[in-house]
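**Q** Whatever this is, show me its structure:
(one chain, ligands or ions: 1)
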Amino acid sequence: MSASTATAGEKPPHILVFPYPAQGHTLPLLDVTHQLACRNFTITIITTPKNLPTLSPLLSTHPQIQTLTLNFPSHHLLPAGVENVKELGNAGNFPIMVALSKLYDPIIQWFRSHSNPPVALISDSFLGWTMHLANDMQIPRFVFWCTGAFLASVLDHCWNHLETVKSLDVVDFVDLPRTPSFKAEHLPSVIQLYRDSDPDWRIVQEGMVANSLSYGYIFNSFDAVDSEYFGFLKRKMGHERVYGVGPLCLLGPDHSSRGNPDLNSIAHVFDWLNGCPDGSVLYVSFGSQKLMSKRQMEALASGLEKSMARFIWVVKTGTTQQMGNGYGVVPDGFEERVAGRGIVMRGWAPQAMLLSHRAIGGFLSHCGWNSVQEAIANGVLILAWPMEADQFVNERLLVDYLGVAVRVCMGADSVPDSEELGKVIGESMNGVVREQEKMRAKELKSKAIEGVKNGGKSLGDLDALVNEIMQIRRQKRLI
Ligand SMILES: O=c1ccn([C@@H]2O[C@H](COP(=O)(O)OP(=O)(O)O[C@H]3O[C@H](CO)[C@@H](O)[C@H](O)[C@H]3O)[C@@H](O)[C@H]2O)c(=O)[nH]1
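**A** Predicted coordinates for the structure are as follows:
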């Protein structure tokens, strides 16, 4: 247990946690919440009825955690009953962000009637409006970034220079370390989608700008990945309260039961992996949101077949209508042709568990930040196919700055050349090329592991965060 646990007689502080309802956002914030619950904090998590089940594993581990379950507000762009981005894909972010801002009043009412109200708020970066909420409640807000500090720095520049950024084909980030440039189509999706004429987008923009005025930043990232950008943000915000507590998948809790996979039905996958040589299998998955088109599915299947590499391909399946149009459909006969060398898993796979298997040596990924952290934590070479959102920014960091990834395709609608794709996969998995990248990936893994050990930087940042909240509570008591 950390040295920062409440001392005898000291009532643990009460904090309010507000996750954003997208798989890649909620799960890592729940990991941070777990860490705080392990340190005796009193916690209330804000959620909505359909998102409540995601909290179940955490709530059963920590029965003392309370929930504030509020009905999901409506928005004209949201189909009735939708409460999570996973149901709509990346396009769902905008209406969901706007709809949730309508929870301001019920949250304030709850806060004002509470006998032991929270002393701090930790809320997702996509809930920027909660900065005003925290001000109203007179408590500090910590922003949880489920992405890295490089991305946060890029976004900060974009939101603060929106008019200029939106007018350019290529944006030069001259104020950032390494002065990166991005083509307009590779900027984070929220920037590309922003429309000045729509008052709802103003809500989003104001919230995003407000993020940088918050009391502190918490990142699922760590020094060896993001130190330049941690430093940049500290200078920009004028204080040191920027905490890199990642990779969270190494801190726990154990992620093997995430998404409730039926481990019996996939026992054959682990049996097969157990018989494969170390580092010989490519894991292929594109996160919880991306559904691939018919042409993409065909090109990817063909590339995997031509590569002659061993693989596990996790296929996100769509609705009956989407699958009728070929979305998420594996080409006929493919599985028979690759039998013994490759496995297709449909739906949800225990990714963190699979990536930690000694036989997995490569990860063909969209570069979603959680996948990136899980790959790094396991020293796995990344074959990068960024598609949308923050993924092009993440890819730049991985390929060009950290040198732990190889670029294989770019774009949400791109269809890779299957010959070329097969060649890169084959060389990376079967050959002796990419040795430098593989070595750097292993080195980064070692640094990640060091960081979460006693005396390590990520654990130190977590303790510093805990101390900061304890301090806030002590000061509140003195007022
Ligand atoms: O079958 C699956 C699919 C996913 N996961 C897990 O789900 C998470 C997926 O997160 P991520 O890799 O970040 O991908 P997305 O779900 O696509 O995440 C969205 O949110 C991320 C955080 O903001 C962004 O970085 C991404 O670009 C955005 O697409 C990871 O922990 C995976 O291990 C599984 O366990 N099994």
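**Q** for Leu421, helix, strand, or coil?
**A** Three-state call for Leu421 (DSSP: H, G, I helix; E, B strand; the rest coil): helix.
**Q** residues in contact with the closest residue to it other than its chain neighbours?
**A** In this structure, Leu421 finds its nearest non-sequential neighbour in Gly303, 3.3 Å apart by C-beta to C-beta, 6 or more residues apart in numbering. Backbone N, C-alpha and C define where each C-beta goes, glycine included. For Gly303, the contacting residues are Pro416, Ser418, Glu419, Glu420, Leu421, Gly422, Ile425, by C-beta atoms under 8 Å, 6 or more residues apart in numbering.
**Q** Neighbour count, pLDDT and distance to Lys294 for those - can I get that in TSV?
**A** Shown next, in TSV, are these (neighbours: other C-beta atoms under 10 Å; pLDDT from 0 to 100; distance: C-beta to C-beta, whole Å):
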residue	neighbour count	pLDDT	distance to Lys294
Pro416	20	97	14
Ser418	18	97	14
Glu419	11	98	19
Glu420	14	97	20
Leu421	23	98	16
Gly422	20	97	19
Ile425	25	97	21
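**Q** quick one: which two of these are the most distant?
**A** Glu419 and Ile425 (11.1 Å; C-beta to C-beta).
**Q** Could you single out the nearest of the contacts of Gly303 to the ligand?
**A** For those, the residue nearest the ligand by C-beta to the nearest ligand atom is Pro416; the value is 18.5 Å.
**Q** show me what contacts the closest one?
**A** Neighbouring residues of Pro416 by C-beta under 8 Å, 6+ apart: Gln296, Ala299, Leu300, Gly303, Trp385, Val408, Cys409.
**Q** And the last one, which helix or strand is it part of?
**A** Using DSSP states H and E, Cys409 is not contained in any helix or strand.
**Q** I'd say it and Trp385 touch.
**A** Yes: Cys409 is within contact range of Trp385, at 4.2 Å (criterion: C-beta atoms under 8 Å).
**Q** which of the two has more neighbours?
**A** Trp385 (25 against 22; other C-beta atoms under 10 Å).
**Q** How far off centre is stretch 263-270?
**A** Here stretch 263-270 is found 26 Å from its chain centre; the criterion is C-alpha atoms, centre = their mean, to the nearest Å.
**Q** which bits of this protein sit near the ligand?
**A** Within the chain, the positions adjacent to the ligand are 22-25, 27, 146-147, 258-259, 285, 287-289, 314, 348-352, 368-371, 374, 389-391 by C-beta under 6 Å from any ligand atom.
**Q** Whichever of the residues you listed end up buried, select them in PyMOL.
**A** The PyMOL command for the buried members of the residues of the chain next to the ligand (criterion: 16 or more other C-beta atoms under 10 Å) is given here:
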select buried, resi 22+23+24+25+27+146+147+258+259+285+287+288+289+314+349+350+351+352+368+369+370+371+374+389+390+391
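**Q** and the gap between the spatially closest residue to Asp417 that is not a sequence neighbour and the ligand?
**A** Once flanking residues are discounted, Asp417 sits nearest to Ala299: 7.4 Å by C-beta to C-beta, 6+ apart. Distance, Ala299 to the ligand, by C-beta to the nearest ligand atom, to the nearest Å: 20 Å.
**Q** how about the helix or strand hosting Ala299: buried residues?
**A** If you go by DSSP H and E, Ala299 is part of helix 294-307. Within helix 294-307, the residues that count as buried by 16+ other C-beta under 10 Å are Gln296, Met297, Glu298, Ala299, Leu300, Ala301, Ser302, Gly303, Leu304, Glu305, Lys306, Ser307.
**Q** Just the ones of the residues of the chain next to the ligand in strands?
**A** Counted as lying in strands by DSSP state E, out of the residues of the chain next to the ligand, are Ser285, Val314.
**Q** Can you tell me which of the residues of the chain next to the ligand end up in helices?
**A** Gln23, Gly24, His25, Leu27, Gln351, Ala352, Trp369, Asn370, Ser371, Glu374, Gln391 (DSSP state H).
**Q** Does Arg195 belong to a helix, a strand or coil?
**A** Classification of Arg195 using three-state DSSP returns coil.
**Q** Against Ile122, how distant is the closest residue to it other than its chain neighbours?
**A** Residue nearest to Arg195 in three dimensions, not counting chain neighbours: Trp201, with 5.1 Å by C-beta to C-beta, 6+ apart. From Trp201 across to Ile122, the span is 25 Å (C-beta to C-beta, to the nearest Å).
**Q** just Ser371 next, same as before
**A** Distance, Ser371 to Ile122, using C-beta to C-beta: 23 Å.
**Q** what's the pLDDT at the nearest residue to Leu355 once chain neighbours are set aside?
**A** Residue nearest to Leu355 in three dimensions, not counting chain neighbours: Asn378, with 4.6 Å by C-beta to C-beta, 6+ apart. At Asn378, the model reports a pLDDT of 97.
**Q** What degree of burial does Asn378 show, as a neighbour count?
**A** Asn378 has 24 neighbouring residues, counting by other C-beta under 10 Å.
**Q** How about the one 10 residues further on?
**A** Here the number of neighbours of Glu388 (other C-beta under 10 Å) works out to 21.
**Q** Grab the nearest non-local neighbour of it.
**A** Setting aside the residues directly before and after it, Glu388 is nearest to Ala412 in space (C-beta to C-beta, 6+ apart), at 4.7 Å.
**Q** Let's see the pLDDT reported for the one you found.
**A** As predicted, Ala412 sits at a pLDDT of 94.
**Q** quick one: the residue nearest to Leu355 from Glu435, how far?
**A** Distance, Asn378 to Glu435, by C-beta to C-beta: 18 Å.
**Q** Check Arg341 too.
**A** Between Arg341 and Glu435 the computed distance is 23 Å (C-beta to C-beta).
**Q** Which one's more surrounded, those two?
**A** A direct count of neighbours by other C-beta under 10 Å for Arg341 and Glu435 places Arg341 higher, at 16 against 10.
**Q** Spatially, which residue comes closest to that one, not counting chain neighbours?
**A** Spatially, and ignoring its direct neighbours in sequence, Arg341 is nearest to Arg310 (5.5 Å; C-beta to C-beta, 6+ apart).
**Q** got a pLDDT number for that neighbour?
**A** The model reports Arg310 with a pLDDT of 98.
**Q** Make 3 the starting number, not 1.
**A** From this message on, residue numbering opens at 3, which makes the last subject Arg312.
**Q** Would you agree it is in contact with Gly364?
**A** No: if you go by C-beta under 8 Å, Arg312 and Gly364 don't touch, sitting 9.7 Å apart.
**Q** ok, these two, which is more surrounded?
**A** The residue with more neighbours, out of Arg312 and Gly364, is Gly364; 27 against 24, by other C-beta under 10 Å.
**Q** In three-state terms, how would the more buried one be classified?
**A** Recorded secondary structure, Gly364: strand (three-state DSSP).
**Q** Which strand residues bridge it?
**A** On the basis of DSSP bridges, Gly364 takes part in beta bridges with Leu284, Leu383.
**Q** so how far is Gly433 from it?
**A** 12 Å.
**Q** cool, and Cys40?
**A** Distance from Cys40 to Gly433, by C-beta to C-beta: 44 Å.
**Q** So between these two, which is more surrounded?
**A** Each of Cys40 and Gly433 has its neighbours counted (other C-beta under 10 Å); Cys40 has more, 17 against 11.
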